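In: Sequence unavailable; structure follows:
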DNA sequence: GTCTATAAACAGATAGAC
DNA sequence: GTCTATCTGTTTATAGAC
């Protein structure tokens, strides 16, 4: 047990620049200490609130209430509002990234490149809009948070960006995708279209699966190299 | 001259629910009264600030400074921060709408439907990212403002939405666009991709024209009805 | 119409009891 | 670890002089 090191609050330790130990939950183990559980409860509450209210309208008091505690108590677990936002965003990216990677595993070997791309786009969009507070929050927060957090976010998402960049570039290299477009811009436009869907998507207007399917199809058909 | 009616401030009159007379600038005439000019200067300043800082970080004091006046003075022209935001958004939609409609006029008769659609998408995206504070502001504000303003915004944009809905539906009806996709979703995804571009687009990474061209091409090629 | 000064409200953050 | 109480800084908005 490293409980001995727990002489002060997690937030205080973080403020001192001490490296954050990997959370047990992140290591795939069952959640452990009470502090750990409470922290998770606060994060869930924050994601819930941010997803619905956006950045500027979300009050720490809202988050505290949702997590069933007093506002001041949050500061035992997080050093500031900003840290809370950053953590929600980090977790959000992580979840989409994980979903897409997991989907990759399930695609049979030998599946044509373009079809692979289509399935992954579909997965990405579905994960975003399919009732996950973290991913909903992240999409809403992205355009709103202060530049510093945006930078931090892109740092978090770099690996993920790299995945998409790789997929698109390989597609071009192999001749499956048309060579005469700027894939950087296309990548951002595709990711943007999906992120933005959080703003307008309502389950009432049709199932997420259909939206995802139509979008992925349009995208890959529009990018597919054509004989003509 | 209706200066006689100007016994009180524009903001006060608006608060009383009096219908706002159409601005001379909107009627295509040259800007007129000093009040009118100042109001325009404030709006420009607000667009400038909102485009760069987003909703929550934009302070009335920033806007006032940009407009070269004191914060308190703003209230002679606008009843509240919210009214200012709403006006910027309204003007922003108006400008994109106007640009796309203007572009429609210049497309030669007999241009194939799909090509028309491509040109208009290009125009829409270009207008958004090509250094216009109002359109930049609007894209950034959309996901951030309180629900009430979002509703008001969609009301403003209804005509514009209708334009795109019409274009896509006609394309489907005539057989130019594939019939087996949900055009409502596609419409939102396309508009979203474009709106989101404000967040990531930087002129350094390549000219806006190229981004617009590649996007429009991907979209229409992905939607085009195909013989196969 | 614009300025200065200030009221009113509030959010984020901290301190100390328990 | 959480609570209560409070401080501090900001911001929107108003009042009244000019």
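Out: Perfect, thanks for sending it. Here the structure is a predicted model, which means the values were calculated and not measured. Numbering: from 1, shown residues only, chains lettered A, B, ... in the order given.

In: what ranges of chain A fall below the confidence cut-off?
Out: Where chain A drops to pLDDT under 70, the residues are A:1-7, A:14-32, A:228.

In: Helices along chain A, start to end?
Out: A:10-15, A:34-57, A:60-66, A:74-77, A:81-106, A:113-129, A:133-142, A:147-156, A:158-173, A:183-200, A:208-223 (DSSP state H).

In: Let's have these in a markdown table, adding distance to chain B and mean neighbour count.
Out: For the C-beta atoms, the positions are set from N, CA and C on the backbone; glycine is no exception. Below are the helices of chain A laid out as a markdown table (distance: least, CB to the nearest CB, whole Å; neighbours: other CB atoms under 10 Å in any protein chain shown):
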| stretch | distance to chain B | mean neighbour count |
| --- | --- | --- |
| helix A:10-15 | 23 | 16 |
| helix A:34-57 | 3 | 19 |
| helix A:60-66 | 14 | 17 |
| helix A:74-77 | 19 | 19 |
| helix A:81-106 | 11 | 18 |
| helix A:113-129 | 9 | 21 |
| helix A:133-142 | 6 | 25 |
| helix A:147-156 | 8 | 15 |
| helix A:158-173 | 11 | 16 |
| helix A:183-200 | 3 | 23 |
| helix A:208-223 | 3 | 22 |
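
In: mind putting those helices in CSV, distance to DNA strand D included?
Out: Shown next, in CSV, are the helices of chain A (distance: least, CB to the nearest atom of the strand, whole Å):
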stretch, distance to DNA strand D
helix A:10-15, 8
helix A:34-57, 3
helix A:60-66, 7
helix A:74-77, 4
helix A:81-106, 13
helix A:113-129, 30
helix A:133-142, 19
helix A:147-156, 16
helix A:158-173, 31
helix A:183-200, 23
helix A:208-223, 35
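
In: With distance to residue B:37 added, can I get those helices in CSV?
Out: Output for these, formatted as CSV (distance: least, CB to CB, whole Å):
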stretch, distance to residue B:37
helix A:10-15, 50
helix A:34-57, 31
helix A:60-66, 42
helix A:74-77, 48
helix A:81-106, 40
helix A:113-129, 45
helix A:133-142, 37
helix A:147-156, 33
helix A:158-173, 46
helix A:183-200, 35
helix A:208-223, 45
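
In: what are the phi and psi values for residue A:144?
Out: Dihedral pair for residue A:144: phi -110, psi -30, per degrees, to the nearest 10.

In: Make sure it is actually in contact with residue B:144.
Out: Yes: proximity of residue A:144 to residue B:144 meets the contact threshold set by CB atoms under 8 Å, at 4.8 Å.

In: quick revisit: the helices of chain A: which one's closest to residue B:52?
Out: helix A:147-156 (9.9 Å; CB to CB).

In: Kindly calculate the angle that the closest one makes with helix A:158-173.
Out: 60 degrees (axes from the mean of the first three to the mean of the last three CA atoms, to 10 degrees).
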